[in-house]
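Q: I need the structure of the sequence given here:
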Amino acid sequence: MKIRIYYDATDAGGIVYHTEYLKFCEQARSEIFFSHNIFFENEGYVVKEIKANYINSAKLGDIIEIKTFVKKIKNASVEIHQEIYKDKKIFEADIKLAYIKNGKLSKIPQKHLEVLNEYKK
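A: As a prediction, this is how the structure comes out:
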């Protein structure tokens with residue numbers, strides 16, 4: 001997924017604020033499901049753990065690309081790796097997500113597993 005950096009994602013110097021990288025990753029993860037006609041109501045994936053590595057900065061006007069890879073799928077959770085590029089890699093994160101339905105940890109639905117398996121590394 002590609003995103004252009006707009007003013008609202010930057011600080012006064014035009015550099016992307018650190019939390020925005022996590023937001024970009026969240027948007028890319030959501031787009032995976034939306035592009036497969038999966039929309040969430042009373043269900044979804046919540047972040048359990050994040051390990052992030054900030055390598056370089058993006059700036060106002062840049063176009064960045066977010067790449068998503070599934071590392072491991074369990075019964076009710078998934079581990080993914082996401083990378084953000086601007087010519088070269090500028091950010092990466094390992095993220096553990098838990099699947100929640102009606103406020104409770106639940107088994108990942110088969111349709112979701114099919115989509116997630118498309119992104120296995």
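Q: just the helices from the chain, written as ranges.
A: Using DSSP state H, the helices found in the chain span residues 18-34, 110-117.
Q: in the protein, which residue is most central in space?
A: Central residue of the chain (Cα atoms, centre = their mean): C25, 3.0 Å from the mean position.
Q: may I see the helices of the chain arranged in CSV, with distance to S77 and mean pLDDT as well?
A: Any C-beta I mention is one placed from the backbone N, CA and C, and that applies to glycine too. Formatted as CSV, these follow (distance: least, Cβ to Cβ, whole Å; pLDDT from 0 to 100):
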stretch, distance to S77, mean pLDDT
helix 18-34, 14, 97
helix 110-117, 11, 97
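Q: deepest in the core, which of those helices is it.
A: Greatest average neighbour count among these goes to helix 18-34 (a mean of 17), per mean count of other Cβ atoms under 10 Å.
Q: export it to CSV, keeping only CA atoms.
A: Extracted C-alpha coordinates of helix 18-34, given in CSV (Å, rounded to 0.1, in the frame of the first residue of the first chain):
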residue,chain,number,x,y,z
HIS,A,18,6.9,8.7,15.2
THR,A,19,3.4,7.4,16.0
GLU,A,20,2.3,8.0,12.5
TYR,A,21,4.3,5.0,11.3
LEU,A,22,2.2,2.8,13.5
LYS,A,23,-0.9,4.4,12.0
PHE,A,24,0.3,3.7,8.5
CYS,A,25,0.9,0.1,9.4
GLU,A,26,-2.6,-0.1,10.9
GLN,A,27,-4.1,1.3,7.7
ALA,A,28,-2.2,-1.2,5.5
ARG,A,29,-3.4,-4.1,7.7
SER,A,30,-7.0,-2.9,7.5
GLU,A,31,-6.7,-2.4,3.7
ILE,A,32,-5.8,-6.1,3.4
PHE,A,33,-9.2,-7.1,4.7
PHE,A,34,-11.1,-4.3,3.1
